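> Take this sequence and fold it.
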Amino acid sequence: MATRRIVLWDIDHTLIDTGGVGRDLSGQAFEQVTGTRMLRQAKIDGITESVIFRETAKLHGLPTSRRDFERFAEALTEAHIARSAELRKRGHVLPGASAALDSLGAMPHIVQTVVTGNVRRVAEIKLRVFGLDRTIIWDIGTFGDDDDVRSKLVRISLGRATSILGETVTPSDAVLIGDTPADVEAALENGVPVIAVASGRSSADELREAGALRVLPDLADTASVVKMVLEEATA
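Okay, the predicted model is just below:
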């Protein structure tokens with residue numbers, strides 16, 4: 001490869017499963033900020049944290065502001081710090097995630113980061129807890145506190161990569177790996193190649209219907225993951 005390849009990883013249900021701890025911590029932070037117990041949660045798959053908070057509040061008849069979300073993000077971060085041992089115990093790394101990150105990280109032209117709906121500090125805690133942060137360049141990534149819209153997160157990440165790496169990073173220089181139709185759509189809206197992984201709640205067929213041409217059942221076959229990333233790089 002003559003140019004760098006930027007791998008944009010989703011986190012939840014692509015690299016890790018929190019084992020239900022994530023919802024518990026969201027409920028804890030929601031009640032702390034709003035004073036209302038979280039009885040229901042809005043759709044979360046592929047959605048940014050700010051939207052999940054806002055829509056969950058609506059389900060409880062609560063209007064919210066940006067400051068309310070910022071307070072929620074702070075409370076959610078504190079909850080993840082306080083209960084990180086529980087997260088480690090109840091959650092787990094998904095099959096092949098660690099090997100895929102390490103194998104790609106050993107390649108000199110590969111740069112890995114995240115495009116996630118999580119707020120940045122929570123994303124950092126999640127990957128650190130499971131030992132998956134070794135090859136992640138955080139300042140290129142984008143997070144749920146950067147924008148509400150996932151497709152904009154992809155665009156922002158490309159811009160950050162251009163600035164930090166000192167060379168123009170085009171959509172074709174990147175590849176996004178995620179588990180939801182929202183991941184697929186966000187990549188394709190920006191002209192970024194996508195590798196979909198049916199390790200979350202979306203089936204392989206649903207991911208293909210969203211437009212993914214490359215779909216894996218999970219990340220367990222490291223050679224296939226690496227091959228797909230390199231094939232996209234030379235396509």
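
> Give the burial count for residue 127, as a bare number.
By other C-beta atoms under 10 Å, 24 other residues sit near residue 127. Glycine gets a C-beta too; all of them are placed from N, C-alpha and C.

> now the one 4 residues further on
Burial measure for residue 131: 11 neighbouring residues, criterion other C-beta under 10 Å.

> Specify the local secondary structure of it.
At residue 131 the chain is in coil, as set by DSSP: H, G, I helix; E, B strand; the rest coil.

> One more: the one 3 residues further on?
Applying three-state DSSP to residue 134 yields a three-state assignment of coil.

> And it, how far from residue 127?
Separation of residue 134 from residue 127 (C-beta to C-beta, to the nearest Å): 9 Å.

> One more: residue 142?
Between residue 142 and residue 127 the computed distance is 15 Å (C-beta to C-beta).

> and the closest residue to residue 127 other than its chain neighbours, backbone torsions?
Leaving out its chain neighbours, the residue that sits closest to residue 127 by C-beta to C-beta, 6 or more residues apart in numbering is residue 133, at 4.1 Å. Per-residue torsions, residue 133: phi -100, psi 0 (degrees, to the nearest 10).

> And the pLDDT for residue 235?
pLDDT for residue 235: 50.

> What of residue 151?
Confidence score, pLDDT, at residue 151: 96.

> so who does it touch?
Contact analysis of residue 151 by C-beta atoms under 8 Å, 6 or more residues apart in numbering lists 185, 186, 189, 190.

> Quick check: it is in a helix.
Yes - Residue 151 sits within a helix when classified using three-state DSSP.

> From residue 174, how far off is it?
13 Å.

> With residue 68 instead?
Counting by C-beta to C-beta, the gap from residue 68 to residue 174 is 33 Å.

> So between these two, which is more surrounded?
residue 174 (27 against 16).

> list the contacts for that one?
5, 6, 7, 8, 154, 157, 158, 161, 192, 193.

> Residue 6 now?
Counting by C-beta under 8 Å, 6+ apart, residue 6 touches 111, 112, 113, 140, 157, 158, 161, 169, 173, 174, 175.

> again, but for residue 210
Contacts of residue 210 by C-beta under 8 Å, 6+ apart are 181, 184, 185, 196.

> Low-confidence bits of this protein, can you list those?
Residues of the chain meeting the criterion pLDDT under 70: 1-3, 232-235.

> Using the record's domain definitions, break it down for me.
5-18+91-234, 21-89 (automatic domain parsing).

> and which of the contacts of residue 151 is nearest to residue 31?
Among these, residue 186 lies closest to residue 31 (C-beta to C-beta), at 30.4 Å.

> What strand or helix carries the closest one?
Taking DSSP states H and E as the criterion, residue 186 maps to helix 181-189.
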